[in-house]
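# Got a sequence here, can you model it:
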Amino acid sequence: IGQEIARLQLARELLIKSEPLFVQGGQGGAQKWVDLCDTALQEAKKDNEFIYFEKVPPVEELVPVEGAAVVKPSPLPDKFLPGQASLFGSLAALDTSTAKKAECVV
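Below you'll find the predicted structure:
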């Protein structure tokens, strides 16, 4: 919980600093995200004060969050429908290095 509070405090500070960038980019501002962060921060602080009593570490001591693999990649087959004829088999190969513009335009 201590790390959660530290990360939420950092997120809130960064969202407030980025507010002008959101408005300049036409995003409409970050107030919605600041409000969500405030709500989560208040809940985490309340839980820590009543239940966990964990020390909130400084931002410099936080361990970076590592990414997690959500899905495993699967190899693609050479042909998706082995029994079917190739959709592009009847098309003639076009050498673009010597083709004229009129030949390339559909």
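# Need the three-state assignment for the residue nearest in space to the middle of the chain.
What sits nearest the mean C-alpha location of the chain, by CA atoms, centre = their mean, is residue 67, with 10.5 Å. At residue 67, secondary structure determined by DSSP: H, G, I helix; E, B strand; the rest coil is coil.
# Just the pLDDT for residue 97.
Per-residue confidence (pLDDT) for residue 97: 63.
# do the same with the one 5 residues further on
You'll see residue 102 listed with a pLDDT of 65.
# residue contacts, the residue nearest to the centre of the chain?
If you count contacts by CB atoms under 8 Å, 6 or more residues apart in numbering, residue 67 has none. All C-beta atoms are positioned from the backbone trio N, CA, C, and that covers glycine.
# before we move on, what about residue 47?
Neighbouring residues of residue 47 by CB under 8 Å, 6+ apart: residue 1.
# That one and residue 8, how far apart?
To residue 8, residue 47 is 12 Å away according to CB to CB, to the nearest Å.
# correct me, but residue 38 touches residue 12?
Yes: counting by CB atoms under 8 Å, residue 38 touches residue 12, with 6.7 Å between them.
# more crowded one of the two?
Each of residue 38 and residue 12 has its neighbours counted (other CB atoms under 10 Å); residue 12 has more, 18 against 13.
# any idea which element the more buried one lies in?
Per DSSP states H and E, residue 12 falls inside helix 2-24.
# For that helix, which residues meet the burial criterion?
For helix 2-24, burial by neighbour count (16 or more other CB atoms under 10 Å) applies to 3-9, 11-12, 15, 18, 22.
# For the residues you listed, give me CSV that also has distance to residue 92 and pLDDT.
Shown next, in CSV, are the buried residues of helix 2-24 (distance: CB to CB, whole Å; pLDDT from 0 to 100):
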residue, distance to residue 92, pLDDT
3, 62, 96
4, 61, 95
5, 65, 96
6, 63, 97
7, 58, 96
8, 61, 97
9, 64, 97
11, 56, 95
12, 61, 96
15, 56, 92
18, 53, 88
22, 51, 77
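# Need the max-distance pair from those residues.
Across the buried residues of helix 2-24, the two members that end up farthest from each other (CB to CB) are 3 and 22, 26.4 Å apart.
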